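Engineer: Here's my sequence, what's the structure:
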Amino acid sequence: MNYSIILGLVAALLASFAGIMLKRGALAIIFQGFFNKRLMFSLFLYGTSMIVFVIALKLGRLSMIYGLAAVNYAFTSFLGMIYFKESRKKRKILGILLVVIGIVLLGV
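Structural biologist: Model (predicted):
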């Protein structure tokens, strides 16, 4: 089993959750200031995702691991639909699926 792929996906998922927490923290800036818990947690998640991503790069092929980094956009879009009730238009979902298909094709 290729651990670099798993680590790349974990890094992308962590970065996606960091983006969600960044948005939630940004919404709380007015009441809690720039150093609120959500913003700080998002920075922690981004840092952790970078560490995991560097390890994945060390273990795997550059072209494949950077392709996996693009799955972050797909994860973030789906999480935005869940947490922020963003639109679920067919066109948007098709675009996300095309990104995922492109990532799969890069890995072949």
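
Engineer: For this protein, give me the ranges with low pLDDT.
Structural biologist: Applying pLDDT under 70 to the chain flags residues 1, 108.

Engineer: Can you name the next helix or strand after the longest helix anywhere in it?
Structural biologist: Longest helix in the chain by number of residues, with DSSP state H as the criterion: helix 3-27. Heading C-terminal from helix 3-27, the first helix or strand you meet, by DSSP states H and E, is helix 29-32.

Engineer: Touching that following helix from outside, list them.
Structural biologist: The contact list for helix 29-32 (CB atoms under 8 Å, 6 or more residues apart in numbering) reads Asn36, Leu39. C-beta coordinates here come from the backbone N, C-alpha and C atoms, glycine included.

Engineer: by contact count, what packs against the helix or strand just after it?
Structural biologist: Sequence order places helix 37-59 as the next helix or strand after helix 29-32, per DSSP H and E. Using 3 or more CB pairs under 8 Å, 6 or more residues apart in numbering; DSSP states H and E, the elements in contact with helix 37-59 are helix 3-27, helix 62-69.

Engineer: Including mean neighbour count and distance to Leu45, could these go into TSV?
Structural biologist: Listed next are the helices and strands packed on helix 37-59 as TSV, based on neighbours: other CB atoms under 10 Å; distance: least, CB to CB, whole Å:
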stretch	mean neighbour count	distance to Leu45
helix 3-27	19	4
helix 62-69	16	15
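
Engineer: Out of those helices, which gets nearest to Ile51?
Structural biologist: helix 3-27 (8.3 Å; CB to CB).

Engineer: Tell me what angle the closest one forms with helix 62-69.
Structural biologist: For helix 3-27 against helix 62-69, the angle by axes from the mean of the first three to the mean of the last three CA atoms, to 10 degrees is 40 degrees.

Engineer: which helices and strands does helix 3-27 pack with?
Structural biologist: Secondary elements touching helix 3-27 (3+ CB pairs under 8 Å, 6+ apart): helix 37-59, helix 62-69, helix 71-83.
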